[in-house]
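# sequence and predicted structure, then a few things I'm wondering about:
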Amino acid sequence: MTQLSIDDLRRVLVDCAGEREGLAVGGDIAELTFEELGYDSLALIETAAKLKQRFDIDIEDDKVVTAETLGALLGLANAAVAQEAGR
Amino acid sequence: MDTSARGRRVVMTGMGVRSPGGIGTKEFWDLLTSGRTATRPITFFDAGPFRSRVAAEADFDAAAEGLTPREIRRMDRATQFAVACTRDAVADSELGFDALDPFRVGVSLGTAVASATSLETEYVIMSDAGRDWTVDAAYLSPHMFDYLSPGAMPAEVAWTVGAQGPVTMVSDGCTSGIDAVGHAAQLIREGTADVVLAGATDTPISPIVVACFDAIKATTPRNDDPEHASRPFDRTRNGFVLAEGAAMFVLEEYEMARARGARIYAEIGGFATRCNAYHMTGLTKHGREMAQAISLALGDARLDPGQVSYVNAHGSGTRQNDRHETAAFKRALGEHAYRVPISSIKSIIGHSLGAIGSIEIAACALAIQHNVVPPTANLCEPDPECDLDYVPLTARELPVDNVLTVGSGFGGFQSAMVLRAVA
Amino acid sequence: MSGAVRTVITGMGVTAPNGLGTEQYWRAVLDRHSGIREMTRFDASRYPYRLAGQITDFAAEDHLPAKLLPQTDVSTRLALTAADWAFADAGIEPGTVDDDRMGVVTSNATGGFAFTHGEFRKLWRQGGEYVSVYESFAWFYAVNTGQISIRNGLRGPGAALVAEQAGGLDALGHACRSVRAGTELLISGGVDSALDPWGFISQFAGGRVSVEPDPRRAFLPFDAAASGYVPGEGGALLVIESEEAARRRRAPRIHGEIAGYAATFDPPPGSGRPPALRQAAERAIAQAGLRPDDIGVVFADASGVPELDRAEAAAIRDLFGPQGVPVTAPKALTGRLYAGGGPLDVVTAVLCLRDGVIPPTAHTTEVPGSYQLDLVLEEPRELSSPTALVLARGRHGFNSAVVVRA
């Protein structure tokens, strides 16, 4: 499957845990931290679950909650995609 | 508690316990001091699809308990546990309830998920295993109202003795078991009741509950080693073990108990509760609010930290809880935190959510009776961050006079209670 | 109550099927504007009853931040909003308090039921991996206490009590108890909602919901043609403080005093002993230092089930004498709101005392003479004494009573 875009990730995050100010569609959001946006660890865990359900992307529990920015989470997601593709 | 009504004291004169690995008070205490645990693979349903597949199930036989077919039909499993425990506690107290003014007898029953098990059973039928959002009224059980709105649970407890004073269900999540007993003590202290049937029950081992804790990774996935899966304060701990159980007490005004020569297990010396207003499931690193609850409970009992003989911890075995709690103990007990023996019986009987607080109170009262402190099982490699005396592996004999028990629950609840020996 | 500390109401927030906000609700009550209508949330045509007191004009996104929406049931959204309004009314800016002298005690009867129904469905249709992280706390009975505490930074004591429809008054009574024990302020009350199909039909299993299809004839408290009640959603949150604390912080208003509270429980079924509502009322009145003569109005539990109406009428008659006190049941316009019902009745009592007018019981036309009940019908009536008694009963025997004084 293809790599996720930052907007794909944004949409999943919002579906799971609601909109936030500063999380504009198409905006420069990769470096925004979850902390400043107001997404807690539950939001990340839920997002990881949704990524699995919607895109069949598997990120380990322990790794998910270490991601501090959207960019970092996107990196984890796409690393998982690449790993699957490599099988 | 109401510190203006210090005149009335509250004591425990009867006890009934239904625990995994311990149906009955004696069996429960034997388990706690035996070195065995009651955590096993889940058998109540096929747990194969779930992340955490271990639990502490109780060997409860409703018919053998003397529950009638009608009682078994209408009562959720949690209610059955509560009624069985209540009957034990009432008999144990040897209190002549018939001679009491029923309006002076109350009930305070704790539970976190109430009739969840029955809700799930009915849901599968009514919805045809999730196919119908508009569930089929043709399959509506007459007892479904009571599973939706669980007032029947404290009612059934009240009916065991015909209690007509204040009757309520205290449902503060995982602190329900300690809060229900605290609430009951308040009712007696303030003079509203003389006797209260107090305690808690939860029988949450059902797919929906397993699934919701799976979702937040709160329960342990240590499925290959069920007997050692609950590892509070251990470096390798990775979540709690879901459990079921119940404990009920007869709480009585002290002078009344003394006048009739009742056997007194312990006095409810102090109680306090706080919210951390932080997060519905997360805990702070500093444990300030739990520390405050502890300090207030000790103050209520007019005790210094140094006088505490034993602390029964919440010790659920999640990474965050055990760290949070260690910080709270240090903050509230100061130097004494490093000396006092502290243990978590969740290592043995798992975490029965709203019930466990009451089951832990039973353990505290029995610790006072026996001058023995139960161990924290499976504590093989203490977490360096949990650097207190958590009584690893083996029960310990020592004089037990004043016991502190604490609880922490979703919603931010932090509760503490002091029990003390009565001469 | 007896003793030095007077417990007063300094803020109120209402979310009711016939009004969002206290004043809108009160106008609806006086105008006899009903919130009972055909179920609109799903197709109830195959169910034996189809009426409910629904709140249809509440858009949660207008009142709460986006982050709270995925993790809250409708009952919690209503409770948080009502709590915000109560704090605003009390002159405390919601979300800016950060205090361990302030606590929360709510009542709940059904928890976040629509939310949990959705999660049950995902579990059984799709599998456990589809269950939301929020199921771990969005359904349980303490959810409103927890969420209100977090949103408002309340670090004092928190509790959640369950006693079906009596629990809401128990929560208020416990708040008063906490104030007397030293907590300066608590937000207290209840909100319930179980109007998804599973919650909705489960209420019918109680055997007390009316099957009358006409919204004006389905819930007729104390009427000869009473045939049960209509369930509703909503409730109220109130700010309770010691009078001394309220005056010290110059609270903008004191709505009234909760002067007395008591709770009793009925004897076991088949015992032959009478129900205990009268004793709860008696004790609440005595705790207020009053006599039945001092009560200007009774807000009845009003079950709408004939034998229960009869029992309540008997309790009122025994305490006050035949036609001894004006009685009313504004819940005929909202349905029974479970844990929300008692607190909403207390708010209504406060407004009744404020304006000196007793709202009528809508839709009821013919009260049996044997009840000897002075039910206020048709038109509002002038209030003669600034004290109200509020009654609530919960299924299986809960009886709670609160005395409100101006």
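That came through fine.
# the longest helix along chain A: how far from the chain's middle?
The helix spanning the most residues in chain A, taking DSSP state H as the definition, is helix A:70-86. Average the C-alpha atoms of helix A:70-86, do the same for its chain, and the two points are 10 Å apart (Cα atoms, centre = their mean, to the nearest Å).
# pull out the buried positions in it.
Within helix A:70-86, the residues scored as buried using 16 or more other Cβ atoms under 10 Å in any protein chain shown are A:70, A:72, A:73, A:74, A:76, A:77, A:78, A:80, A:81. For the C-beta atoms, the positions are set from N, CA and C on the backbone; glycine is no exception.
# any chance of a markdown table for these, columns distance to chain B and pLDDT?
Formatted as a markdown table, the entries for the buried residues of helix A:70-86 read as follows, by distance: Cβ to the nearest Cβ, whole Å; pLDDT from 0 to 100:
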| residue | distance to chain B | pLDDT |
| --- | --- | --- |
| A:70 | 21 | 93 |
| A:72 | 19 | 95 |
| A:73 | 17 | 95 |
| A:74 | 22 | 95 |
| A:76 | 16 | 95 |
| A:77 | 18 | 95 |
| A:78 | 23 | 94 |
| A:80 | 18 | 92 |
| A:81 | 22 | 90 |
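# so for stretch B:351-361, what's the average pLDDT?
The average pLDDT for stretch B:351-361 rounds to 98.
# likewise for stretch B:83-92?
Along stretch B:83-92, the predicted confidence averages to a pLDDT of 98.
# contacts for that stretch?
Applying Cβ atoms under 8 Å, 6 or more residues apart in numbering or on different chains, the contact partners of stretch B:83-92 are B:13-18, B:24-25, B:60, B:65-67, B:71, B:75, B:97, B:156-157, B:160-161, B:197, B:199, B:201, B:246-250.
# so which elements touch the longest helix of chain A?
Contact partners of helix A:70-86 among helices and strands, from 3 or more Cβ pairs under 8 Å, 6 or more residues apart in numbering or on different chains; DSSP states H and E: helix A:6-17, helix A:41-55, helix A:61-64.
# so residue B:342 touches residue B:388, yeah?
Yes - contact between residue B:342 and residue B:388 holds when scored by Cβ atoms under 8 Å: they sit 5.6 Å apart.
# list the residues that contact both of those two?
Between them, residue B:342 and residue B:388 share these contacting residues under Cβ under 8 Å, 6+ apart: residue B:329.
# higher neighbour count, those two?
Ranked by neighbour count (other Cβ atoms under 10 Å in any protein chain shown), residue B:342 and residue B:388 place residue B:342 first, with 26 against 20.
# pull the contacting residues for the more buried one.
Contacts were defined as Cβ under 8 Å, 6+ apart; by that measure residue B:342 touches B:310, B:311, B:312, B:313, B:329, B:388, B:389, B:390, B:391.
# sorry, back to before: can you put the helices and strands packed on helix A:70-86 in CSV and add mean neighbour count, distance to residue B:49 and mean pLDDT?
As requested, those are exported to CSV (neighbours: other Cβ atoms under 10 Å in any protein chain shown; distance: least, Cβ to Cβ, whole Å; pLDDT from 0 to 100):
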stretch, mean neighbour count, distance to residue B:49, mean pLDDT
helix A:6-17, 19, 22, 93
helix A:41-55, 20, 14, 95
helix A:61-64, 14, 17, 88
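# of all these, which lies closest to residue B:8?
Distances from residue B:8 to each of the helices and strands packed on helix A:70-86 were compared by Cβ to Cβ, and the smallest falls on helix A:41-55, at 43.6 Å.
# tell me the angle the closest one makes with helix A:6-17.
Using axes from the mean of the first three to the mean of the last three Cα atoms, to 10 degrees, the inter-axis angle of helix A:41-55 relative to helix A:6-17 is 120 degrees.
# elements contacting helix A:41-55?
Contacts defined by 3+ Cβ pairs under 8 Å, 6+ apart place helix A:41-55 against helix A:6-17, helix A:61-64, helix A:70-86, helix B:207-215.
# show me what contacts residue 50?
You didn't say which chain, so I picked chain A. Applying Cβ under 8 Å, 6+ apart, the residues contacting residue A:50 are A:12, A:15, A:16.
# you answered for a different chain; I wanted chain C.
Taking Cβ under 8 Å, 6+ apart, we find residue C:50 in contact with C:38, C:39, C:44, C:213.
# now it. Nearest residue, chain neighbours left out?
Setting aside the residues directly before and after it, residue C:50 is nearest to residue C:44 in space (Cβ to Cβ, 6 or more residues apart in numbering or on different chains), at 4.3 Å.
# check residue C:93 too.
Counting by Cβ to Cβ, 6+ apart, the nearest residue to residue C:93 once its immediate chain neighbours are dropped is residue C:87, at 7.2 Å.
# and for residue B:408?
Counting by Cβ to Cβ, 6+ apart, residue B:408 lies nearest to residue B:314, which is 4.7 Å off, once chain neighbours are set aside.
# is it true that that neighbour touches residue B:344?
Yes - with contacts counted by Cβ under 8 Å, residue B:314 reaches residue B:344, the gap being 7.2 Å.
# what does chain B have sitting close to chain A?
Selection of chain B residues close to chain A by Cβ under 8 Å from any Cβ of the partner chain yields B:215, B:216, B:217, B:279, B:281, B:282.
# just checking, the fourth one touches residue B:411?
No - counting by Cβ under 8 Å, residue B:411 is not a contact partner of residue B:279; they are 9.4 Å apart.
# ok so, going back, could I get the contacts of residue B:342 as TSV with secondary structure?
As requested, the contacts of residue B:342 are arranged in TSV below (DSSP: H, G, I helix; E, B strand; the rest coil):
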residue	secondary structure
B:310	strand
B:311	strand
B:312	strand
B:313	coil
B:329	helix
B:388	coil
B:389	coil
B:390	coil
B:391	coil
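# which of those are buried?
Applying 16+ other Cβ under 10 Å to those flags B:310, B:311, B:312, B:313, B:329, B:388, B:389, B:390, B:391 as buried.
# emit the PyMOL select command for whichever of the contacts of stretch B:83-92 are buried.
Selecting only the buried members of the contacts of stretch B:83-92 in PyMOL, with burial defined as 16+ other Cβ under 10 Å, works like this:
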select buried, chain B and resi 13+14+15+16+17+18+25+60+65+67+71+75+97+156+157+160+161+197+199+201+246+247+248+249+250
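# please flag which of the contacts of stretch B:83-92 sit within helices.
Those of the contacts of stretch B:83-92 lying in helices (DSSP H): B:25, B:71, B:156, B:157, B:160, B:161.
# could you dump these into CSV with pLDDT added?
As requested, these are exported to CSV (pLDDT from 0 to 100):
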residue, pLDDT
B:25, 97
B:71, 97
B:156, 98
B:157, 98
B:160, 98
B:161, 98
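# tell me which two in the residues you listed are the farthest apart.
Greatest spatial distance in those: B:25 and B:71, 21.9 Å, computed using Cβ to Cβ.
# can you name the residue of chain C nearest chain A?
residue C:66 (3.7 Å; Cβ to the nearest Cβ).
# tally of neighbours for that residue?
Look at residue C:66: counted by other Cβ under 10 Å, it has 16 neighbours.
# ok, it to chain B distance?
Note on residue C:66: its distance to chain B, by Cβ to the nearest Cβ, to the nearest Å, is 16 Å.
# for that residue, give me the pLDDT.
In this model, residue C:66 is scored at 94, pLDDT.
# what residues are up against it?
Applying Cβ under 8 Å, 6+ apart, one finds that residue C:66 lies in contact with A:18, A:19, A:20.
# ok, now residue B:321?
Residue B:321 is in contact with B:283, B:314, B:315, B:408, counting by Cβ under 8 Å, 6+ apart.
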